[in-house]
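K.L.:
Compute the structure for the input listed below.
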Amino acid sequence: MSWVHGVVILSLIEYLVFCVLVGRARAKYAIAAPAVAGNEMFERYFRVQQNTLEQLIVFIPAVLLFARYTSALWAGILGVAFVIARIIYAAGYISAPQRRGTGASISFLCEVLLVLGALIGIARALMAA
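P.N.:
This next block holds a predicted model:
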C-alpha cells in the first residue's frame, strides 16, 4: 500500500504544481482574482487545474479502494499512468486545447478501470463474507 499512497501523494503534488502554474499565469496575463476569464492562455492553465481537481475526486478514492480490494500493484501502475496522463493532458491543453484528448482519454480510462476493479473487488469480498 505504500506504493499506492506514494502515487496519491504524487497526484496531489502534480495538482499543486498546476495551482502554481495558474498563479504564475494569473500574474503573467494580468488576470486579477477573482476573475477566471479574460485571456485565452490564462484560461487554458486554469482549465487544466480545474479539470485535474475534478478528476482527483474520482481518482483518489478509486485508487485506494482498488488497492485494498483488488491489487495494490495494479492500483499503483494505473495510478502512475494517471499522473503521466495528466501531464500529457496539461501539455496538450496549454499548447492547443484540441490536443488535450490523448491525456484526457488515458486519465479517464485509468479511472474507469480503477472504479470497476474496486467495484468487482468489493463485490467479491461481500460474497465471501
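
K.L.:
Run through the neighbouring helices and strands of the biggest helix by length in the chain.
P.N.:
Criterion DSSP state H: the longest helix present in the chain is helix 40-69. When contacts are defined as 3 or more CB pairs under 8 Å, 6 or more residues apart in numbering; DSSP states H and E, helix 40-69 packs onto helix 2-28, helix 72-95, helix 101-128. Quick note: C-beta positions are derived from backbone N, CA and C, even for glycine.

K.L.:
Among those helices, single out whichever gets nearest to Leu65.
P.N.:
In terms of CB to CB, the element of those nearest to Leu65 is helix 101-128, at 3.7 Å.

K.L.:
related to what we said a few turns ago, closest one to Asn39 among the helices and strands packed on helix 40-69?
P.N.:
Asn39 sits nearest to helix 2-28 of all the helices and strands packed on helix 40-69, at 8.2 Å, using CB to CB.

K.L.:
For Ala81, give me its contacts.
P.N.:
Contact analysis of Ala81 by CB atoms under 8 Å, 6 or more residues apart in numbering lists Ile106, Cys110.

K.L.:
So for it, what's the pLDDT?
P.N.:
pLDDT for Ala81: 98.

K.L.:
Could you measure from it over to Met127?
P.N.:
Noted for Ala81: a distance of 29 Å to Met127, by CB to CB, to the nearest Å.

K.L.:
Mind listing what's buried along the longest helix of the chain?
P.N.:
42-49, 51-52, 55-56, 58-60, 62-69 (16 or more other CB atoms under 10 Å).

K.L.:
What of stretch 19-30?
P.N.:
For stretch 19-30, a neighbour-count test (16+ other CB under 10 Å) marks Leu21, Val22, Ala25, Arg26 as buried.
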